[in-house]
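K.L.:
kindly return the folded structure for what I paste below:
(one chain, ligands or ions: 1)
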Amino acid sequence: MIKRVFFTVSSLALLVVSSSAQPVHYTSAYSSMSLAGDWTGWNPSANNMYLVSNGVWETVMFLTPPTNGFKFTANGGWTDNWGSSGKVGQAPMTGTVTKGGGNITLTNLTDGFYRFRLDETANQFRVELLGYVYNGENGNLVRNGGFDIADAVNTNEAYGWKWRPAMAYGDRFGNSGWVDWRYRSALKEMFVGQGGGGVWQDAPAGEDFDYEFSAWFWMDGPGDFGPWTSAVQEVKIEFFDAHKEVKIGEIAAKIPFNFDEDWHQAIARGPAPTNTAWARATVNVSGGGNRGTLQIDDLAMRAIPRQNQYFEAWNFKTTGTLVRGGWSAAGAAVVTNTSLAYIGRSLALRTNGSIRSPYIDAGIERIEFRYRNGNAASETNNAPVDPVSVEVRVSPTGTGDTFQSVATISDIIQQSYGLFFADAPVGRIGTTCFGYPCHCWHQSFPHR
Ligand SMILES: [Ca+2]
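P.N.:
Predicted coordinates for the structure are as follows:
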């Protein structure tokens, strides 16, 4: 049942928070931080970075140019800036920065999402490629997931699935091979036989995403060749740090036994842990029996973004309906005074104003945001006069205004930020603020 509570005026600030569920307030010696470079017009006041821990700033940008220089600048100007004279390289790239140091140059960029991190205390920076899309593969991070393309050098192997020094991101292992017995997608598949084996491939990854790895399997039933047996057969995603030195997490799912001699899909899905820079998609089989084989085809791994909004990119202040990145806000204004925000900027909503996420096909696992009762729509921070309330809603179909209430936060009066989080049914987020004014910060996690 939807409980609607009407107040006079509302102001709701919506901002992206870190993935932590704890209400935390990070500190810095600086009021704001910017990544200034060729792709931002060297704007020192873009204020495009946000605190992820005390003194550590991050931003994620989609870059396309082949070569770029950049520096970090604080407080909207060049007085405090960091660089590293003569530093040139590709992502992943780490190093030491110095105050007033020269430009850092990224070379040989692949189109994609890059995360930049500055640790103002340790004077360290990091750039990493989070993910990108291969042409024609609809976001699939696995190259040649259907095994249908031959390697250009060794035509007895599938492209992407046998280690060579120039492409050290994938391999097959154990008793496995490239065959054309009963492919699901033309004209080839991979098999694993007696003793076991499998395939793996790496892709750039980032901690801001969930990952899903799926693969199709066909196994010999009782008959001329089978039944196929094994001790372990699984699909899994292993997460690694920027240098692939530390495995920092794993998500695995068993491959069920099906002896109807048809193709079946197995899926592993979950969130990337903190500091993830690579995701390794693996089909792993051990203890394979001496009858029949397990056959593999059509592998896909995709990055699923968490639907976050920090509002720092909503760099305008206006009223009416605002739309950005699939999100929409009605009766809203972007508050550019960052001191009023939890992180970055905030979104203020007036009476019956609302903020809505895009429809999330995979469903929503969790809704999380920060909220406060500030003051008038003006960018001041006077004590609130009247309590406000916020109703959190979802739309199961993502169409129209058929929202269902998840929760109502009533009698919000405090100026300090509170944290709301709740498990959510499938749908699209909708938050309406009733009262005057309140500030909220949103984050949701896709269902997994
Ligand atoms: Ca195939």
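K.L.:
what parts of the protein come near the ion?
P.N.:
146, 147, 148, 183, 185, 297 (CB under 5 Å from the ion). Glycine gets a C-beta too; all of them are placed from N, C-alpha and C.
K.L.:
would a markdown table of those residues with secondary structure, neighbour count and pLDDT be doable?
P.N.:
Putting the residues of the chain next to the ion into a markdown table (DSSP: H, G, I helix; E, B strand; the rest coil; neighbours: other CB atoms under 10 Å; pLDDT from 0 to 100) gives the following:
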| residue | secondary structure | neighbour count | pLDDT |
| --- | --- | --- | --- |
| 146 | coil | 22 | 94 |
| 147 | coil | 27 | 94 |
| 148 | coil | 17 | 91 |
| 183 | coil | 20 | 92 |
| 185 | coil | 14 | 91 |
| 297 | strand | 22 | 97 |
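K.L.:
closest one of these to residue 243?
P.N.:
Nearest to residue 243 among the residues of the chain next to the ion is residue 147, at 28.9 Å by CB to CB.
K.L.:
domains of this protein?
P.N.:
33-131, 165-305, 307-446 (automatic domain parsing).
K.L.:
would residue 39 count as being in a strand?
P.N.:
No. Under DSSP: H, G, I helix; E, B strand; the rest coil, residue 39 falls outside any strand and is assigned helix.
K.L.:
okay, it: pLDDT?
P.N.:
Looking at residue 39, its pLDDT reads 79.
K.L.:
what of residue 228?
P.N.:
What the model reports as pLDDT for residue 228 is 97.
K.L.:
one step back: which of the domains of the chain has the lowest mean pLDDT?
P.N.:
domain 307-446 (a mean of 69).
K.L.:
my read is that residue 53 contacts residue 27, right?
P.N.:
No. Contact criterion CB atoms under 8 Å: residue 53 and residue 27 do not qualify, at 9.4 Å.
K.L.:
list the contacts of residue 258.
P.N.:
Residue 258 makes contact with 217, 219, 264 under the criterion CB atoms under 8 Å, 6 or more residues apart in numbering.
K.L.:
count of neighbours near the second one?
P.N.:
The reference is to residue 219. By other CB atoms under 10 Å, the residues close to residue 219 number 28.
K.L.:
check the last one too.
P.N.:
Neighbourhood size, residue 264 [other CB under 10 Å]: 14.
K.L.:
over to the one 3 residues further on?
P.N.:
The local packing of residue 267 (other CB under 10 Å) involves 11 other residues.
K.L.:
for residue 336, same thing?
P.N.:
Counted with other CB under 10 Å, residue 336 comes out at 17.
K.L.:
tell me how far whichever residue of the stretch 1-150 of the chain sits closest to the ion lies from residue 187.
P.N.:
Nearest to the ion, among the residues of the stretch 1-150 of the chain, is residue 146, at 3.7 Å (CB to the ion). Distance of residue 146 to residue 187, given as CB to CB, to the nearest Å: 9 Å.
K.L.:
from the ion, how far out is the residue positioned nearest the centre of the chain?
P.N.:
What sits nearest the mean C-alpha location of the chain, by CA atoms, centre = their mean, is residue 209, with 2.4 Å. Counting by CB to the ion, to the nearest Å, the separation of residue 209 from the ion is 26 Å.
K.L.:
hey, what's that residue bridged with?
P.N.:
Beta-bridge partners of residue 209, counted by DSSP bridges, are residue 305.
K.L.:
what does residue 70 give?
P.N.:
Here residue 70 sits in beta bridges with residue 37, residue 104, going by DSSP bridges.
K.L.:
how about residue 334?
P.N.:
residue 347.
K.L.:
unless I'm mixing things up, it is touching residue 322, no?
P.N.:
Yes. Under the criterion of CB under 8 Å, residue 334 makes contact with residue 322 at 7.0 Å.
K.L.:
more crowded one of these two?
P.N.:
It is residue 334, of residue 334 and residue 322, that has more neighbours when counted by other CB under 10 Å, with 23 against 20.
K.L.:
now do the helices in this structure.
P.N.:
Taking DSSP state H, the chain contains no helices at all.
K.L.:
now residue 45, nearest residue through space, not along the chain?
P.N.:
Once flanking residues are discounted, residue 45 sits nearest to residue 76: 3.7 Å by CB to CB, 6 or more residues apart in numbering.
K.L.:
same deal with residue 119?
P.N.:
That would be residue 56: by CB to CB, 6+ apart, it lies 5.0 Å from residue 119.
K.L.:
and that neighbour, how many residues sit next to it?
P.N.:
Residues contacting residue 56 under the criterion other CB under 10 Å number 20.
K.L.:
partner residues bridging it?
P.N.:
Beta-bridge pairing for residue 56 (DSSP bridges): residue 53, residue 119.
K.L.:
now do it against residue 122, distance only.
P.N.:
Separation of residue 56 from residue 122 (CB to CB): 9 Å.
K.L.:
tell me the residue of the stretch 201-350 of the chain that sits nearest the ion?
P.N.:
Closest residue of the stretch 201-350 of the chain to the ion, CB to the ion: residue 297 (4.4 Å).
K.L.:
from residue 196, how far off is that residue?
P.N.:
From residue 297 to residue 196 the distance is 18 Å (CB to CB).
K.L.:
now do residue 90
P.N.:
To residue 196, residue 90 is 36 Å away according to CB to CB.
K.L.:
not counting its neighbours along the chain, what's nearest the residue of the stretch 1-150 of the chain closest to the ion?
P.N.:
residue 185 (4.0 Å).
K.L.:
residue contacts, that neighbour?
P.N.:
When contacts are counted by CB under 8 Å, 6+ apart, residue 185 touches 146, 148, 297, 298.
K.L.:
likewise residue 219?
P.N.:
Residues in contact with residue 219 (CB under 8 Å, 6+ apart) are 226, 227, 228, 257, 258, 259, 261, 292, 293, 294, 295.
K.L.:
and those, which of them are buried?
P.N.:
Applying 16 or more other CB atoms under 10 Å to the contacts of residue 219, the neighbour count classes 226, 228, 292, 293, 294, 295 as buried.
K.L.:
return the subset of those lying in strands.
P.N.:
With DSSP state E as the criterion, strands contain 294, 295 from among those.
K.L.:
need the buried ones among the contacts of residue 219 in TSV with distance to residue 330, can you?
P.N.:
As requested, those are exported to TSV (distance: CB to CB, whole Å):
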residue	distance to residue 330
226	60
228	57
292	59
293	57
294	53
295	52
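K.L.:
paired strands for the longest strand belonging to the chain, with orientation please.
P.N.:
Counting by DSSP E, the longest strand found in the chain is strand 189-204. Applying DSSP bridges, strand 189-204 is found paired with strand 170-179 (antiparallel), strand 278-286 (antiparallel), strand 294-305 (antiparallel).
K.L.:
for it, buried residues please.
P.N.:
Buried, per 16+ other CB under 10 Å, within strand 189-204: 189-194, 196-204.
K.L.:
stretch 235-247 now?
P.N.:
235, 236, 237, 238, 239, 240, 241, 242.
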